[in-house]
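>>> 3D model of this:
(one chain, ligands or ions: 2)
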Amino acid sequence: MKYITTRSSTSEMKGEAKGFQDVLLTGLASDGGLYVPAELPQFSKEDIRQLRGLPYNELAYTIIKPFVGGEIDDATLKQLIDDSYSTTDTFSHNAVAPLHQIGSNEWIMELFHGPTLAFKDFALQLLGRLLNHVLTERGEKAIVLGATSGDTGSAAIEGCRHSDALDIFILHPYQRVSEVQRRQMTSVLADNVNNIAVKGNFDDCQAMVKQSFANQSFLPDNTRLVAVNSINWARIMAQVVYYFYAALLLGAPDREIAFSVPTGNFGDIFAGYIARGMGLPIGKLVVATNQNDILHRFFKDNDYRKQQLEHTLSPSMDIMVSSNFERLLFDMLGRDGNRLAQLMETFQATGKLQAPEADWLEIKALFESCRTDDTGTCSTIAQLHRETGYLADPHTATGVRALQELNLAPRTPKVVLATAHPVKFPEAVEKAGLQSPSLPPHMSDLLQREERYSVLENDLPELQAFIRQQTRH
Ligand SMILES: Cc1ncc(COP(=O)(O)O)c(C=O)c1O
Ligand SMILES: N[C@@H](CCOP(=O)(O)O)C(=O)O
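Ligands and ions are numbered 1, 2, ... in the order given. Take a look at the predicted model:
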């Protein structure tokens, strides 16, 4: 398995191609692009049929193995995957990603039974273990750097906190994540964990992370910088698995399935797009956004234009510019890195981007989109609860709302990805007129735990000086 970057031209790709470990142990490619597989592993209908009935960990091993391309021996990879999706130590539900029926042909896939109660655990439990394994084998250490709008941060810390090979720095927007989200990060007092509240928004945090990958001269010599955001391909790879898991339960490969995905950085839904590219019969992918609707505007009107960030009741999706959208654009432009680089330069300079009409129409055939504001989010939480007794978190509610508003084929099973547990967002639940559930036993004292974090200005040199000072390596 070889990986290429979204910004290199076809002829350069061959020289630039990297293996799994190189891609795992980095963030952005040196040309500023993102890594993607040169070719996707393919699963025929018969291959997919053979996957029916597999427990989550075994399915994960089958799907993930080809992406690793033999760069980790099979037994070790299997063990790392088994540990990541263990139902005794890691996930609290025996099915790992259970389906819950909410309508005659509508389902919710609960992705919040991991240690930090959001879908991020699916990728970050594995990523932490992969990093620890590969670095330990090489006798290397690394600095992990990530930006979070609330959920990636705690999941990354949880995945990396026990690794001696890693020092982790997580940037979150100051006072813009929920109290539960903040405390899940800041109450981890391990020596290798550094939380930074940046006086800015998530996009400011993400921009500083990307600038740090693009120019690493601030780091001490021979220091490796690794991404835990979904710019790291291994994040996407791990998230592909649950699309297979849900689809198999609902009749794949003999039936098409549609997925409605609460979307911010476009990583989760991009994993669905990859699953489809591997042969999974996905009929539609629904991009569900909150008021930060740049992606909805793209799929509706080919109008991808930066607008002022709005703070919403679904704060994890308060994102202006979605990192993984570049990966989709790359495919949309026929995997022509030069064309993509030009388009991204235009976007950088003008804050807007328009895809060539024919390419846009083609990609639009697969995606639908829907924007939900805070009022719609709350009324959806309330309505779903009234009609089915199910309590959805505000992000999940945007996915449910999208299914209600769009006219998808009635006979196609539709799955909404429940990306977080409602206990993380009491404000939205209460505004919907409902009572927030209590914290699960392993977090019951969260609101009393000691916290540790630093508040920094939105200033790259200040951040980089802080990282240099705090790193243990
Ligand atoms: C709870 C929740 N839902 C949805 C999203 C959006 O997912 P993505 O950024 O992969 O589009 C996020 C953040 O990424 C999240 O934390
Ligand atoms: N919603 C995310 C934002 C970061 O997205 P990522 O998937 O690229 O890590 C968060 O909760 O931090």
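>>> tell me the pLDDT of the nearest residue to residue 142 once chain neighbours are set aside.
Spatial nearest neighbour of residue 142, chain neighbours left out: residue 224 (4.2 Å); criterion: C-beta to C-beta, 6 or more residues apart in numbering. C-beta: built from backbone N, CA, C; applies to glycine. You'll see residue 224 listed with a pLDDT of 96.
>>> please apply the same query to residue 15.
For residue 15, pLDDT reads 55.
>>> where along the stretch 201-350 of the chain do the strands fall?
Remark: strands assigned in the stretch 201-350 of the chain by DSSP state E, counting those that start in this stretch are 224-227, 257-262, 282-289, 304-305.
>>> what residues does the first one touch?
In this case it means strand 224-227. Contact with strand 224-227 is made by 24-28, 131, 140-146, 166, 209, 212-213, 216, 219, 232, as judged by C-beta atoms under 8 Å, 6 or more residues apart in numbering.
>>> still on that earlier bit, and the residue nearest to residue 142, how far from residue 121?
24 Å (C-beta to C-beta, to the nearest Å).
>>> with neighbour numbers in mind, choose between these two.
residue 121 (26 against 17; other C-beta atoms under 10 Å).
>>> tell me which of the strands of the stretch 201-350 of the chain sits nearest to residue 366.
When these are compared by C-beta to C-beta, strand 282-289 sits nearest residue 366, at 6.1 Å.
>>> for the protein, give me the ranges with low pLDDT.
9-16 (pLDDT under 70).
>>> ok, now with 50
11-12 (pLDDT under 50).
>>> dump the residue contacts of the residue in the stretch 101-250 of the chain that ligand 1 sits nearest to.
Distances between the stretch 101-250 of the chain and ligand 1 by C-beta to the nearest ligand atom are smallest at residue 151, namely 3.4 Å. Residues in contact with residue 151 (C-beta under 8 Å, 6+ apart) are 116, 118, 119, 120, 181, 316, 419, 420, 424.
>>> and the residues you listed as CSV, adding secondary structure, neighbour count and distance to ligand 1?
Below are those laid out as CSV (DSSP: H, G, I helix; E, B strand; the rest coil; neighbours: other C-beta atoms under 10 Å; distance: C-beta to the nearest ligand atom, whole Å):
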residue, secondary structure, neighbour count, distance to ligand 1
116, coil, 27, 10
118, strand, 26, 5
119, coil, 31, 7
120, helix, 33, 6
181, helix, 25, 9
316, helix, 29, 3
419, coil, 29, 3
420, strand, 28, 4
424, helix, 29, 8
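>>> closest to ligand 2 among those residues?
Checking these against ligand 2 with C-beta to the nearest ligand atom, the nearest one is residue 316 at 4.0 Å.
>>> wait, isn't that closest one in contact with residue 149?
Yes. Counting by C-beta atoms under 8 Å, residue 316 touches residue 149, with 4.8 Å between them.
>>> overlap in contacts, these two.
Counting by C-beta under 8 Å, 6+ apart, the shared contacts of residue 316 and residue 149 are 177, 264.
>>> ok, and the closest non-adjacent residue to the residue of the stretch 101-250 of the chain closest to ligand 1?
Closest residue in space to residue 151, ignoring its immediate chain neighbours: residue 118 at 3.9 Å, by C-beta to C-beta, 6+ apart.
>>> what bridges to the one you found?
residue 420 (DSSP bridges).
>>> gap between it and residue 125?
Distance, residue 118 to residue 125, using C-beta to C-beta: 12 Å.
>>> okay, and the common contacts of those two?
Residues touching both residue 118 and residue 125 by C-beta under 8 Å, 6+ apart: residue 155.
>>> which stretches of the stretch 151-300 of the chain form helices?
With DSSP state H, counting those that start in this stretch as the criterion, the stretch 151-300 of the chain has helices at 151-160, 179-186, 202-214, 233-249, 267-277, 294-301.
>>> with respect to ligand 2, which of the ones you listed lies nearest?
Closest among the helices of the stretch 151-300 of the chain, using C-beta to the nearest ligand atom: helix 151-160, at 3.2 Å.
>>> how about CSV for the contacts of residue 151, with distance to residue 376 added?
Formatted as CSV, the contacts of residue 151 follow (distance: C-beta to C-beta, whole Å):
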residue, distance to residue 376
116, 27
118, 21
119, 21
120, 24
181, 22
316, 17
419, 17
420, 18
424, 20
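>>> can you put these in TSV and add distance to ligand 2?
As requested, the contacts of residue 151 are exported to TSV (distance: C-beta to the nearest ligand atom, whole Å):
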residue	distance to ligand 2
116	10
118	7
119	9
120	6
181	8
316	4
419	8
420	9
424	10
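>>> report the two of the residues you listed separated the most.
Pairwise distances across the contacts of residue 151 (C-beta to C-beta) peak at 13.7 Å, for the pair 119 and 181.
>>> now residue 286, nearest residue through space, not along the chain?
Nearest residue to residue 286, sequence neighbours excluded (C-beta to C-beta, 6+ apart): residue 260, at 4.0 Å.
>>> run a quick neighbour tally on that neighbour.
29.
>>> show me the contacts for it.
Residue 260 neighbours (C-beta under 8 Å, 6+ apart): 286, 288, 399, 400, 402, 403, 414, 415, 416, 417.
>>> among the residues you listed, which ones lie close to ligand 2?
The overlap between the contacts of residue 260 and the neighbours of ligand 2 (C-beta under 6 Å from any ligand atom) is empty.
>>> the residues you listed in strands, which ones?
Mapping those onto strands (DSSP state E) picks out 286, 288, 414, 415, 416, 417.
>>> could I get those as a markdown table with neighbour count?
Shown next, in a markdown table, are these (neighbours: other C-beta atoms under 10 Å):
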| residue | neighbour count |
| --- | --- |
| 286 | 28 |
| 288 | 32 |
| 414 | 26 |
| 415 | 27 |
| 416 | 29 |
| 417 | 28 |
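>>> and of those, the nearest to residue 372?
Closest approach to residue 372 among these (C-beta to C-beta): residue 288, at 6.8 Å.
>>> pretty sure that closest one is touching residue 259, no?
No. Residue 288 is not in contact with residue 259 according to C-beta under 8 Å; the separation is 10.1 Å.
>>> alpha carbons of stretch 203-212, as PDB, please.
Taking Å, rounded to 0.1, in the frame of the first residue of the first chain, the C-alpha atoms of stretch 203-212 are listed here in PDB:
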ATOM      1  CA  ASP A 203     -10.100  27.500  13.100                       C
ATOM      2  CA  ASP A 204      -7.400  29.600  14.700                       C
ATOM      3  CA  CYS A 205      -6.200  26.500  16.600                       C
ATOM      4  CA  GLN A 206      -6.300  24.300  13.500                       C
ATOM      5  CA  ALA A 207      -4.400  27.000  11.500                       C
ATOM      6  CA  MET A 208      -1.600  27.100  14.100                       C
ATOM      7  CA  VAL A 209      -1.400  23.300  14.000                       C
ATOM      8  CA  LYS A 210      -1.100  23.300  10.200                       C
ATOM      9  CA  GLN A 211       1.500  26.100  10.200                       C
ATOM     10  CA  SER A 212       3.500  24.200  12.700                       C
END
